[in-house]
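> predicted model and sequence below, questions to follow.
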Amino acid sequence: AADKINLIPQDFFAELCEQIIQHLNHKIPGVNTAELCQRIQTSGIEINVGDLAKIANVVSFLFSTAARNNLSTDELVTALGSAVGSLPKHALQVIRHVWSEQGKAISVPEDARNMATVGQFVDIKWKLGVAMSSDTCRSLKYPYVTVTLKVADPSGQITDKSFEMTIPQFKNFFRQFKEMAAVLETV
């Protein structure tokens with residue numbers, strides 16, 4: 001990941017680090033690497049979303065480990081300098097700055113190592129469509145619902161999950177959501 005960090009301009013790397021800190025502080029559900037990658041590419045830098053996601057995972061692991069071990073800014077930078085000699089100077093400067101400004105705010109529960117991790121819901125989009133015909137059937141007139149869920153996985157990476165449902169499947173889906181809402185009303 002260190003060689004890929006060289007590709008990222010300092011301002012974008014700083015934004016990535018700040019988003020990771022915000023995610024670790026539970027202020028945002030995750031880091032939208034796809035959106036950040038698109039902006040980096042628009043600025044003329046060749047990087048793919050997979051590489052940026054790997055960098056985000058490494059930096060997230062770095063910050064969460066530093067928080068768990070209660071490292072000071074100097075201890076973190078010294079450890080990085082000795083362990084990862086190939087980390088670019090601009091990245092070390094950004095990590096130093098972000099950690100000194102916001103790192104101590106990261107709260108690490110005592111039982112964090114034993115907790116099960118699950119994703120977090122961010123957004124939902126849906127659309128109703130009708131398949132009119134196909135190469136094997138001239139007249140389908142088949143209605144369907146397409147649902148896209150935006151989910152932040154435990155590491156903070158935001159991904160889209162899309163699926164289609166027939167109308168009976170959607171009615172069952174909707175019925176289950178109504179049941180959940182009714183149960184939540186009793187809590």
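The structure has been received and is ready for your questions. Numbering: from 1, shown residues only.
> residues in contact with the residue lying closest to residue 59 once chain neighbours are set aside?
Using CB to CB, 6 or more residues apart in numbering and skipping the chain neighbours, the partner closest in space to residue 59 is residue 20 (5.4 Å). The C-beta positions use only the backbone N, C-alpha and C, and glycine is treated the same way. Contacts for residue 20 (CB atoms under 8 Å, 6 or more residues apart in numbering) come out as 31, 56, 59-60, 63, 156.
> is residue 40 in contact with residue 8, as I believe?
Yes. Using CB atoms under 8 Å, residue 40 is in contact with residue 8, at 6.5 Å.
> what touches both of these two?
Joint contacts of residue 40 and residue 8 (CB under 8 Å, 6+ apart) are 47, 52.
> which secondary element of the protein has the worst mean pLDDT?
Lowest on mean pLDDT, DSSP states H and E among the helices and strands of the chain sits helix 2-5, with a mean of 77.
> what residues of that one count as buried?
residue 5 (16 or more other CB atoms under 10 Å).
> which parts of the helix or strand following it are buried?
Sequence-wise, the next helix or strand downstream of helix 2-5 (DSSP states H and E) is helix 10-24. Applying a neighbour-count criterion of 16+ other CB under 10 Å, one finds 12-24 buried in helix 10-24.
> would you turn those into CSV with pLDDT and distance to residue 163?
Shown next, in CSV, are the buried residues of helix 10-24 (pLDDT from 0 to 100; distance: CB to CB, whole Å):
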residue, pLDDT, distance to residue 163
12, 93, 32
13, 93, 35
14, 93, 36
15, 94, 31
16, 93, 30
17, 93, 34
18, 92, 33
19, 91, 27
20, 91, 29
21, 90, 33
22, 89, 29
23, 88, 26
24, 87, 30
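> out of those residues, who's nearest residue 78?
Taking CB to CB as the measure, residue 17 is the one of these closest to residue 78, at 18.1 Å.
> taking the centroid of the protein, which residue is nearest it?
residue 157 (1.9 Å; CA atoms, centre = their mean).
> residue contacts, it?
30-31, 33, 53, 56-57 are the contacts of residue 157 under CB under 8 Å, 6+ apart.
> can you put those residues in TSV and add neighbour count and pLDDT?
Shown next, in TSV, are these (neighbours: other CB atoms under 10 Å; pLDDT from 0 to 100):
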residue	neighbour count	pLDDT
30	24	84
31	27	87
33	24	88
53	21	89
56	25	89
57	17	87
